[in-house]
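[1] below is the sequence, then the predicted model.
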There are 2 protein chains.
Amino acid sequence: MPQPVAVDAMGGDHGPAETVGGAVTAMREHGVPVVLVGRAGEIRRELAHHGAVGEIGVVHAEDVVPMAERGAGAVSTAASAVSATSSLGVACQLVRQGTVSALVSAGSTGAVVSCAIRGIGRAPNVLRPALAIALPTTAGGATVLIDAGATSDPTPEMVAQFALLGASYARLVLGVADPSVGLLSIGSEPGKGNRLTRRAGELLPVLPLRFHGNVEGHDVLAGTTDVIVTDGFTGNVVLKNVEGSVRATLSLVARTGAATPEALREVARLYDPETHGGAALLGLTGTVVVAHGASRAATIARACAVARDLADGGVTDRVGDHLAVEPVN
Amino acid sequence: MPQPVAVDAMGGDHGPAETVGGAVTAMREHGVPVVLVGRAGEIRRELAHHGAVGEIGVVHAEDVVPMAERGAGAVSTAASAVSATSSLGVACQLVRQGTVSALVSAGSTGAVVSCAIRGIGRAPNVLRPALAIALPTTAGGATVLIDAGATSDPTPEMVAQFALLGASYARLVLGVADPSVGLLSIGSEPGKGNRLTRRAGELLPVLPLRFHGNVEGHDVLAGTTDVIVTDGFTGNVVLKNVEGSVRATLSLVARTGAATPEALREVARLYDPETHGGAALLGLTGTVVVAHGASRAATIARACAVARDLADGGVTDRVGDHLAVEPVN
């Protein structure tokens, strides 16, 4: 009998109703041995609904981590909210003792991360843990996005370690022998990015991994690299942006009815940089429109029309008028 | 005769061939008066291809900003590369003198930004400019994303000003009387986010704008707010991620052939957080799977199966083995 997986019964927006139901399904349908951790009374009541009392072990934990702690975020803040006697705290202890093989929690990411660091412990040399998630790509495989939200303000050294962790994950889970790693940034040339990314970009080439260089937002689903590494803030925003953008696109496609090739092209045009003509650079005393670097003549022409309209409307000047605050510092 | 729009003829990946063609189209088809700025010889040669010599004014500028400066990035780095005698530098002077009404450039965003700051100048009280772009939403309107890449390491005060600039843009360009502004973060509760976002989140509620609170990556195309404010690094990654995710989704839909409602649901499932079951928290001495907070029973069950597989494969432990580097600092 393999060791069970501990399920944090109190975690998640829907509490024991869904976590207990999930544990029952895991056992009955996926053959995964599980143990539920949380308020024994509430858990047993839910188990009874499934006729599963006695079928699944229960470990009592009195405290519940508030779901206001939900979402990735400040680990230091979350830490104080997670007691060792919470379902999460007790479950981490079970992992540490080796009583269970793993922990599943739908609780606050921040709380899970801080609790796991204290209750289970970091692997040797690891500065901070990171969340890895494999996203399907149009190239047919998957790209591991890391960090998807565990550490929102990492140092460049931590980001470099995330790259190593992501590469190991791609090797072991996706079975890629020598995974390529891209650093998520805002330009493909080395040296592009914010301070954190530029410094991480100096560390990555000397690590024992196949560093591809910088990748950009459009590379996430394109299969450009096997791993994309970033900080937990950007990674979490990107993960949710992918989910939202896919949903939005499908809803726009569904509205076209027939979803003909022409209809798909119509949706594509909505978000094609060639369509909007350019972005307005605000906060200057004159009108400036920045067109996409890859712009063809039609896009430049559209950018000129946009610039004319902005200038005619005095938009960029008037934007300044509305900045009716003293310098805020 | 209204003042012309200056087109940076040397900017963009494709140089004068496309910028001059665009200027000709802008004038002939959109009725926008334009003037081309750059190497007069090259520009006239292109104008000749369109039979437009003499039709469009040319202002000579000898230097060209290298396209390696392309993409948003370190303004300070770019600044040194942009000479006052470049096409960009001369065009900015024309804006400042009022000889032209606006500037259009497909050049390096970093170069355009730094050149515009020095050559045109910031509006009163503005700390740093920001790029605004209106993205169509599934709600039918548009959301202004700001900053889409002008200032990659802003202070919290700058982000707060971007919010004011974005709100003004939504009022003046989208015609929204009292635009709502969301702060892009990784949790909807106040206090979620990285350091920059948390501090900006403290400034925004006291500004003269309708602050909605935090929004997340999935809100960008959902029409949750009229404006979404973020730093130029995150904004640029998100903008390109939207473009790439829409493209990827449409390509997956096109591959299904008929694009039936069932086929669309199949694509949706690929990126549904309910499908993947959870993210692996790497860098610990034990296996932890973080499921989505909104998980229902089926997702919890899948997360248990994922956790079992990770534990069976010793994946999270072995990930540590591959971290075969000394602490990198």
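    That came through fine.

[2] now do the contacts for the residue lying closest to residue A:46 once chain neighbours are set aside.
    Residue nearest to residue A:46 in three dimensions, not counting chain neighbours: residue A:20, with 3.7 Å by C-beta to C-beta, 6 or more residues apart in numbering or on different chains. Glycine gets a C-beta too; all of them are placed from N, C-alpha and C. Residue A:20 is in contact with A:9, A:36, A:43, A:46-47, A:49-50, B:297, counting by C-beta atoms under 8 Å, 6 or more residues apart in numbering or on different chains.

[3] isn't residue A:276 up against residue B:133?
    Yes. With contact defined as C-beta atoms under 8 Å, residue A:276 counts as touching residue B:133 (6.5 Å).

[4] is it true that residue A:298 touches residue B:19?
    No. Under the criterion of C-beta under 8 Å, residue A:298 makes no contact with residue B:19, lying 11.8 Å away.

[5] out of the two, which sits in the more crowded spot?
    residue B:19 (34 against 17; other C-beta atoms under 10 Å in any protein chain shown).

[6] quick one: which helix or strand includes the residue of the stretch 1-150 of chain A found nearest chain B?
    Residue of the stretch 1-150 of chain A nearest chain B, by C-beta to the nearest C-beta: residue A:22 (2.4 Å). Assigned by DSSP states H and E, residue A:22 belongs to helix A:16-30.

[7] what of residue A:243?
    Using DSSP H and E, residue A:243 falls in helix A:232-255.

[8] now for that helix, which elements pack on it?
    Here helix A:232-255 touches strand A:130-136, strand A:142-146, strand A:180-184, helix A:261-270, helix B:232-255, helix B:261-270, going by 3 or more C-beta pairs under 8 Å, 6 or more residues apart in numbering or on different chains; DSSP states H and E.

[9] buried residues, stretch A:18-29. List them.
    For stretch A:18-29, the neighbour count (16 or more other C-beta atoms under 10 Å in any protein chain shown) marks A:18-27 as buried.

[10] count the neighbours of residue A:66 for me.
    For residue A:66, using other C-beta under 10 Å, the count is 14.

[11] could you identify the helix or strand that succeeds the helix or strand of chain A with the lowest mean pLDDT?
    Of all helical and strand segments in chain A, the minimum by mean pLDDT, DSSP states H and E falls on helix A:75-81, at a mean of 46. Elements were assigned by DSSP H and E; along the chain past helix A:75-81, the next helix or strand is helix A:87-97.

[12] quick one: contacts of that following helix?
    Contacts for helix A:87-97 (C-beta under 8 Å, 6+ apart): A:6-11, A:35, A:37-39, A:59, A:61, A:63-65, A:82-84, A:100, A:102-103, A:105, A:107, A:111-112, A:115-116, A:118-121, B:285-288.

[13] now it and helix A:16-30, what's the angle there?
    40 degrees (axes from the mean of the first three to the mean of the last three C-alpha atoms, to 10 degrees).

[14] got the buried residues for helix A:87-97?
    For helix A:87-97, by 16+ other C-beta under 10 Å, it's A:87-96.

[15] likewise stretch A:300-310?
    Buried residues in stretch A:300-310 (16+ other C-beta under 10 Å): A:300-310.

[16] just checking: which of these also lie near chain B?
    Among the buried residues of stretch A:300-310, the ones lying near chain B by C-beta under 8 Å from any C-beta of the partner chain are A:300-305, A:307-308, A:310.

[17] tell me the strands beside the helix or strand that contains residue A:7, with direction?
    Taking DSSP H and E as the criterion, residue A:7 maps to strand A:5-8. Applying DSSP bridges, strand A:5-8 is found paired with strand A:34-38 (parallel), strand A:102-105 (parallel).

[18] pLDDT on the first one, on average?
    Same thing as strand A:34-38. Computed over strand A:34-38, the mean pLDDT rounds to 97.

[19] same question for the shortest one.
    Model confidence over strand A:102-105 averages 96 on the pLDDT scale.

[20] right, and the helix or strand after that strand?
    Counting by DSSP H and E, what follows strand A:102-105 is helix A:109-119.

[21] okay, that next one in CSV with CA atoms only?
    Below are the C-alpha coordinates for helix A:109-119, written out as CSV (Å, rounded to 0.1, in the frame of the first residue of the first chain):
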residue,chain,number,x,y,z
THR,A,109,-0.9,30.3,-2.7
GLY,A,110,0.9,32.6,-0.3
ALA,A,111,-0.2,30.6,2.7
VAL,A,112,0.7,27.3,1.1
VAL,A,113,4.2,28.6,0.1
SER,A,114,5.1,30.1,3.5
CYS,A,115,3.7,27.1,5.3
ALA,A,116,5.5,24.6,3.1
ILE,A,117,8.8,26.5,3.5
ARG,A,118,8.5,26.3,7.3
GLY,A,119,6.7,23.0,7.7
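
[22] among the buried residues of stretch A:18-29, which two are most distant?
    A:18 and A:27 (15.1 Å; C-beta to C-beta).

[23] re the thing from before, can you say which of the contacts of residue A:20 are buried?
    Buried among the contacts of residue A:20 by 16+ other C-beta under 10 Å: A:9, A:36, A:43, A:46-47, A:50, B:297.
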